[in-house]
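Undergrad: Sharing a model prediction with you, sequence too.
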Amino acid sequence: MTYKDLPRLLTMTIAWLLLLGWHLTADRLSCPPTLGLLALFTLILTLSGTEIAFTRRRAYLNEILEPDGFLYRALRRNIAMVAVEVLKSAALALILVVGALTLAPRQWSLMFADVLLLGLLLPRLHGVLIGQVREEYRYAIARRWGIWVSTTLLLLESVLVLLFSASENFIGLRWQEVISNGAAQPEALCEGIATLARTTSAIEALGIWSVQNLIRNLNDLPQALMATLGVIASVGFSFLLAYAYSRALVGVVSRPQTMWRSVRRGPPAGEDGAT
């Protein structure tokens, strides 16, 4: 670790602390401050999302399209792209805020370890890309790779816990009983968020039940189908939560403004006008 790593680590730690603070005080926060937190994470996620979108768009415009064509003029406009990213980021922010209410202490420790991992990994990824990726894209690509490394590790932990969790024993129960009596009941003063958090807990409990009972219920088609759907829903939500958190960590250090404007490169070597 060097002094250059400290600002990045501190900024990412603030994002983690915001989520942890929300987890600890959600039962005392009314809807207005909750909506403010949602708006803040929407902004953070939009920063990472627009950087990714602008990077793809910039490469497409500069390397594929002709600058005098209709497609080039249409796609270089940023407003529609930003609007789409805001909507996607708002959905991810909701998943992140709701999912944070259901996290166990073990998961908070892992998420802080992920802060340290990403904070130290990003400059190393940038170094790996030297000589492989053009300089103007290098930092954006490194941050994009960092998101997927973080998401993969967090998702792997969630799947391992799902497969080997001994905290709950739902063997022999039907899925209706698990949802009614086996799911945790997260508390939040904002009723809409509380309802979504209880639904999330039900999905997590259903996932554990599904893993424990899938083979046992193969002869019971409705229960086997529900167990299969339970695994898919639980893993799917874990992926979205891991992805949203990873994007939030990277979002606080993203620089979408560097990719805001498309820069037309000169003709590639071998074409008319090349040197």
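TA: Received the coordinates, thanks.
Undergrad: switch to C-alpha atoms for all contacts and neighbour counts from now on
TA: Noted.
Undergrad: The helix or strand of the chain with the lowest mean pLDDT: which residues count as buried?
TA: Lowest on mean pLDDT, DSSP states H and E among the helices and strands of the chain sits helix 70-75, with a mean of 73. Going by neighbour count (16 or more other CA atoms under 10 Å), the buried part of helix 70-75 is residue 72.
Undergrad: cool, stretch 208-216 as well?
TA: The neighbour-count check on stretch 208-216 (16+ other CA under 10 Å) flags 208-214 as buried.
Undergrad: and stretch 221-234, average pLDDT?
TA: On average, the pLDDT along stretch 221-234 is 84.
Undergrad: List the contacts of that stretch.
TA: 174-175, 203-204, 206-211, 213-215, 217-218 (CA atoms under 8 Å, 6 or more residues apart in numbering).
Undergrad: List of residues touching stretch 78-85?
TA: Residues lying outside stretch 78-85 but in contact with it, judged by CA under 8 Å, 6+ apart, are 46, 49-50, 53, 260.
Undergrad: Which of those fall in helices?
TA: The helices, defined by DSSP state H, take in 46, 49-50, 53 from the contacts of stretch 78-85.
Undergrad: The stretch 151-275 of the chain: helices as residue ranges?
TA: 175-177, 191-213, 221-251 (DSSP state H, counting those that start in this stretch).
Undergrad: Show me the one of those that comes nearest residue 8.
TA: helix 221-251 (9.4 Å; CA to CA).
Undergrad: which of the residues in the closest one are buried?
TA: 223-224, 226-231, 233-235, 237-251.
Undergrad: what's the angle between it and helix 191-213?
TA: Compare the direction of helix 221-251 with that of helix 191-213 by axes from the mean of the first three to the mean of the last three CA atoms, to 10 degrees and you get 120 degrees.
Undergrad: heads up, I number from 733, so please use that
TA: With the count now opening at 733, the last piece we talked about shows up as helix 953-983.
Undergrad: from the middle of its chain, how far away would helix 953-983 be?
TA: The chain centroid and the centroid of helix 953-983 are separated by 12 Å under CA atoms, centre = their mean, to the nearest Å.
Undergrad: Show me the shaky parts of the stretch 733-882 of the chain.
TA: 733-735 (pLDDT under 70).
Undergrad: hmm, back to that, just name the closest of the contacts of stretch 810-817 to residue 851, please.
TA: Closest approach to residue 851 among the contacts of stretch 810-817 (CA to CA): residue 781, at 18.5 Å.
Undergrad: Surely the closest one and residue 819 touch.
TA: No. Contact criterion CA atoms under 8 Å: residue 781 and residue 819 do not qualify, at 10.5 Å.
Undergrad: who's more crowded, the two?
TA: Counted by other CA atoms under 10 Å, residue 781 and residue 819 do not tie: residue 781 has more neighbours, with 26 against 13.
Undergrad: List phi and psi for the residue nearest to the more buried one when sequence neighbours are not counted.
TA: Closest residue to residue 781 apart from its sequence neighbours, by CA to CA, 6 or more residues apart in numbering: residue 817 at 6.0 Å. Phi and psi for residue 817, reported as degrees, to the nearest 10, are phi -70, psi -40.
Undergrad: Tell me the spacing between residue 817 and residue 962.
TA: Residue 817 sits at a distance of 29 Å from residue 962 (criterion: CA to CA, to the nearest Å).
Undergrad: What of residue 770?
TA: From residue 770 to residue 962 the distance is 27 Å (CA to CA).
Undergrad: what's the burial count for residue 826?
TA: 21.
Undergrad: Now do the helix or strand containing it against helix 953-983, angle only.
TA: For residue 826, the enclosing helix or strand under DSSP states H and E is helix 811-832. Helix 811-832 and helix 953-983 meet at an angle of 120 degrees, taking the same axes, to 10 degrees as the criterion.
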